[in-house]
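Q: Need coordinates for the following:
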Amino acid sequence: GGVAAMRALLSAGANATVAQVLGKTPLHLAAEAGHWAGFRALTEAGADATKVDKRGRTAAQVALAAGHAVPGDLSVGGPDAAAAVNGGGGAPGAEGGAGVPSHP
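A: Numbers count the residues shown, from 1 in each chain. I've put the predicted structure just below:
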C-alpha cells in the first residue's frame with residue numbers, strides 16, 4: 001500500500017523534509033491525517049518531528065488540532081513536547097497518558 005510506496009520513494013532519495021507553501025512537511029500531513037505508519041516511515045527517513053509550520057505548530061500539534069491523539073511510541077520532540085501535545089500528565093501511553101494504539 002501507501003506506506004510501501006512511501007518507503008520506496010524515500011529509499012530512492014525523496015525529500016522527507018520538504019515543506020509546502022504553508023510550511024507543512026510530509027510529516028505534518030501524515031499527522032494531520034492520523035496516518036501513523038506514514039509518520040513512522042518519515043521519521044525513520046530523517047523527518048524532524050520538531051519542525052514547525054508557518055503557524056508555529058509541530059506535526060504532533062497539527063494531529064491534535066485535527067482530532068487525533070498521538071500514539072505513545074512516537075517521537076514528537078521529547079517527553080515534555082509529548083506531554084504538552086497529549087494534555088499533560090507525563091509521556092503519552094504512560095499510566096494516565098492519552099496515547100492511543102497506532103493506526104496502519
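Q: By average pLDDT, which secondary structure element in the chain comes out worst?
A: The helix or strand of the chain with the poorest confidence is helix 79-85; it has a mean of 49 (mean pLDDT, DSSP states H and E).
Q: which strands and helices sit next to the helix or strand hosting Q61?
A: Assessed by DSSP states H and E, Q61 sits inside helix 59-65. Using 3 or more C-beta pairs under 8 Å, 6 or more residues apart in numbering; DSSP states H and E, the elements in contact with helix 59-65 are helix 26-32, helix 79-85. In this view, the C-beta of every residue, glycine as well, is placed from N, C-alpha and C.
Q: just the CA coordinates of the first one, formatted as PDB?
A: This points to helix 26-32. The C-alpha trace of helix 26-32 is given here as PDB (Å, rounded to 0.1, in the frame of the first residue of the first chain):
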ATOM      1  CA  PRO A  26       5.100  15.400   4.700                       C
ATOM      2  CA  LEU A  27       5.200  14.600   8.500                       C
ATOM      3  CA  HIS A  28       2.700  17.400   9.200                       C
ATOM      4  CA  LEU A  29       0.400  16.000   6.500                       C
ATOM      5  CA  ALA A  30       0.700  12.400   7.800                       C
ATOM      6  CA  ALA A  31       0.000  13.500  11.300                       C
ATOM      7  CA  GLU A  32      -3.000  15.700  10.200                       C
END
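Q: what residues does that helix touch?
A: 16-18, 24, 36, 38-39, 42-43, 47-49, 51, 53, 57, 59-60, 62-63, 65-66, 68, 70 (C-beta atoms under 8 Å, 6 or more residues apart in numbering).
Q: didn't A66 look like it was pressed against G34?
A: Yes. Under the criterion of C-beta atoms under 8 Å, A66 makes contact with G34 at 7.0 Å.
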